[in-house]
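Trainee: coords below, sequence missing:
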């Protein structure tokens, strides 16, 4: 066990040894502490990051100092430590802190690592529970907190002594003076040790407004927040080595120059931001942007309740916040508890509108989930998750595998092999604690970075060491399980035998998303197969075993060989598919030419206007595409030439009158800057068609 105290007057590098002015450490014997220290030293010696309560380099330094003082090897020193009880260790550590620092205003913390497997002695007076209460009162009086880590390897059978020790340790937690965690692996022990405790900071203090007459005082904290990777800053060695006050900071300045005057720097007051709006760049000044910004009033309002099942887990965004009643406010505690328990019983969640700060630029819209406390002295609370708006949701619809033929679906043997794989890698096997729990799993990237940073500070030319075995158990499956279950993995590989797929032309993503209904294509393939069989009039040869799988692939990803022609079934869709292809620089021009040919044939071959409606749809699609692709002259010249060639045919003139009535005019300058046609010219052209028909 160790005890430490920080004065807060000294800033310490995360990779350096603890300066005497910042922390004082004490090391005393605890129950079976030798086992814990040896395990800790063996499995986590290379992890000296921010996630260990007793940094490994610090612990090694302490052990070396103590063994040097006792003039004996480390292992012998650990064996010679007296076997004291858990309560004795806490009392000694508490007494050392009080005698050393007294009433000094500083954060003081006891760190206890033990297996808590040995019987406690009865106190001279009272019960063991009374002794725990007395110790807890002293800890509260001197504002001392304790972190207790109970390390028990898997397979250890619980007995009455261990249960009693656990109950007494949890009694410290109930008195709000200790945090107790139990771990069973070196990886979990590494995650439970933390040198840096992030103090909770409220992001909101105010009213949870249910209505204008019903408001609850609440505080909101961050429940989870991603630990960012440390920023690696630029360092300059231009300062003279003798300058002790040099910051070695590198500052970056940007200069903006005009294209017309590349040698002239544009001052900040002459610069303005521009935003793309279609093909245009819209300039918006900072003053205009401030005026446009939405500035809501600070507050949290309850909008209503919804079924818990109506909010999918995949909708949760960003960090998780915790809503707790205002500390010391009895009415708020009762109100939050009543509301949370009512929501729990009815399986409901609340929808909130949150503005954390005054004049905040955005509004948080989220779901409030009840969190019923299992500890007597901890009130009920809520968890808050931000929900997406319509613009934030990304839907990727995929067709069900049930639509595939049976040969493309897993067999019973394959399904059983996959089920066995899931059971083999179960992180929560029966009778054991869950492996890789988030609370006790450190970030391997951060751990490795700080370990290497510590190494580089001592050896500038050092190469990155191999990944530590303790961290490897986080990033890779357990090698012991993989080796033990090798036959099962081999069986899985045999069940899913790899076979060569038939070669096919690659399809673009847009075409894969725009293919027709697989049911229709499958029916069409079946009809074609039946017709071919009837025509042959004889039994077919045994089909290639890969043919059915090839058809299934074709159903999901149709080939692109037909792209390039406009058919009668859906000419507009075919035209849009050709525009989306863009496999070469001339593909857009090819699509426009194909549409012009198809539309001309429709108009010429229409008997008494039978195809005029379809031709009208093609004209609308062609006109829209020419505007988007900045090809107005292609459309205008096509319409003019078609009219000049067919103006003597009465039915065709009626078609142009239909275009005029539907406002499908020539493309004017207002719609496309490259057009030479004004709006008046566009309208007058169709007026000529009406006069000629008369």
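Mentor: It's in. Just so we're clear, the structure is a prediction, and the values are computed from it rather than from any experiment. Numbering: from 1, shown residues only.
Trainee: measure residue 662 to residue 668 for me?
Mentor: Here the criterion is Cβ to Cβ, to the nearest Å. By it, residue 662 lies 16 Å from residue 668. (Each C-beta comes from the backbone N, C-alpha and C, glycine too.)
Trainee: more crowded one of the two?
Mentor: Higher neighbour count among residue 662 and residue 668: residue 668, with 18 against 11, using other Cβ atoms under 10 Å.
Trainee: Now whichever strand or helix holds residue 456: buried residues?
Mentor: Per DSSP states H and E, residue 456 falls inside helix 444-458. Buried positions in helix 444-458, judged by neighbour count with 16 or more other Cβ atoms under 10 Å: 444, 446-455.
Trainee: Skip the chain neighbours and tell me the closest residue to residue 664.
Mentor: residue 619 (5.5 Å; Cβ to Cβ, 6 or more residues apart in numbering).
Trainee: just to revisit the earlier point, run the chain-centre distance for the helix or strand just after the helix holding residue 456.
Mentor: Using DSSP H and E, the next helix or strand after helix 444-458 towards the C-terminus is helix 469-475. How far helix 469-475 lies from its chain's middle: 22 Å, per Cα atoms, centre = their mean, to the nearest Å.
Trainee: For helix 469-475, name the packing helices and strands.
Mentor: helix 33-44, helix 186-192, helix 444-458 (3 or more Cβ pairs under 8 Å, 6 or more residues apart in numbering; DSSP states H and E).
Trainee: ok, residue 131 - contacts?
Mentor: 87, 123 (Cβ atoms under 8 Å, 6 or more residues apart in numbering).
Trainee: so it sits in a helix?
Mentor: Yes: counting by DSSP: H, G, I helix; E, B strand; the rest coil, residue 131 is located in a helix.
Trainee: Now do it against residue 113, distance only.
Mentor: Applying Cβ to Cβ to residue 131 and residue 113 gives a distance of 21 Å.
Trainee: swap in residue 299?
Mentor: 46 Å.
Trainee: Among the two, which residue is more densely surrounded?
Mentor: residue 113 (27 against 16).
Trainee: for that one, phi and psi?
Mentor: For residue 113, the backbone dihedrals (degrees, to the nearest 10) come out as phi -120, psi 120.
Trainee: ok, now how distant is residue 142 from residue 126?
Mentor: 21 Å.
Trainee: Which of those two has more residues huddled nearby?
Mentor: Shown here are residue 142 and residue 126; by other Cβ under 10 Å, residue 142 has more neighbours (15 against 11).
Trainee: In contact with the nearest residue to residue 116 once chain neighbours are set aside, which residues?
Mentor: With sequence-adjacent residues excluded and distances taken as Cβ to Cβ, 6+ apart, residue 116 is closest to residue 165, at 3.9 Å. Counting by Cβ under 8 Å, 6+ apart, residue 165 touches 86, 116-118, 120.
Trainee: so residue 165 sits in a helix?
Mentor: Yes: membership of residue 165 in a helix is supported by three-state DSSP.
Trainee: Pull out the buried positions in the one helix or strand residue 89 maps to.
Mentor: Element membership for residue 89 (DSSP H and E) is helix 86-101. For helix 86-101, a neighbour-count test (16+ other Cβ under 10 Å) marks 86-94, 97-98, 101 as buried.
Trainee: packing partners for that helix?
Mentor: So helix 86-101, by 3+ Cβ pairs under 8 Å, 6+ apart, packs with strand 2-6, strand 26-27, strand 107-114, helix 128-141, strand 144-151, helix 160-174.
Trainee: can you list these in a markdown table and add mean pLDDT and distance to residue 257?
Mentor: Formatted as a markdown table, those follow (pLDDT from 0 to 100; distance: least, Cβ to Cβ, whole Å):
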| stretch | mean pLDDT | distance to residue 257 |
| --- | --- | --- |
| strand 2-6 | 39 | 52 |
| strand 26-27 | 34 | 64 |
| strand 107-114 | 84 | 53 |
| helix 128-141 | 89 | 65 |
| strand 144-151 | 87 | 58 |
| helix 160-174 | 87 | 64 |
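Trainee: For residue 305, find the nearest of the ones you listed.
Mentor: Relative to residue 305, the nearest member of the helices and strands packed on helix 86-101 by Cβ to Cβ is helix 160-174, separated by 33.0 Å.
Trainee: Show me how far that closest one is from its chain's centre.
Mentor: 38 Å.
Trainee: next structured bit after that helix?
Mentor: Past helix 160-174, the next helix or strand by DSSP H and E is strand 178-183.
Trainee: Buried residues, that next one. List them.
Mentor: For strand 178-183, by 16+ other Cβ under 10 Å, it's 178, 180-183.
Trainee: Pick out the most distant pair among the residues you listed.
Mentor: Farthest pair in the buried residues of strand 178-183, by Cβ to Cβ: 178 and 183, 15.8 Å.
Trainee: From residue 295, how far off is the residue nearest to residue 116?
Mentor: Taken as Cβ to Cβ, the span from residue 165 to residue 295 is 57 Å.
Trainee: Per the annotation, how does this structure divide into domains?
Mentor: The chain resolves into domains spanning 2-192, 199-397, 509-556, 571-693 when parsed by automatic domain parsing.
Trainee: Pick out the shakiest of those, pLDDT-wise.
Mentor: With a mean of 45, domain 509-556 has the lowest mean pLDDT of the domains of the chain.
Trainee: What is the end-to-end distance of stretch 245-258?
Mentor: 39 Å (Cα to Cα, to the nearest Å).
Trainee: chain center to it, what's the gap?
Mentor: 34 Å.
Trainee: Which positions in the helix or strand where residue 639 lies come out as buried?
Mentor: Using DSSP H and E, the element containing residue 639 is helix 632-646. Within helix 632-646, the residues that qualify as buried are 632, 634-636, 638-639, 642-643, 646, counting by 16+ other Cβ under 10 Å.
Trainee: part of a strand, is residue 603?
Mentor: No: under three-state DSSP, residue 603 sits outside any strand and is assigned helix.
Trainee: Kindly tell me how buried it is, as a neighbour count.
Mentor: Residue 603 has 20 nearby residues by other Cβ under 10 Å.
Trainee: Let me know whether it touches residue 646 as I believe.
Mentor: Yes: the pair residue 603 and residue 646 passes the contact test of Cβ atoms under 8 Å, sitting 7.0 Å apart.
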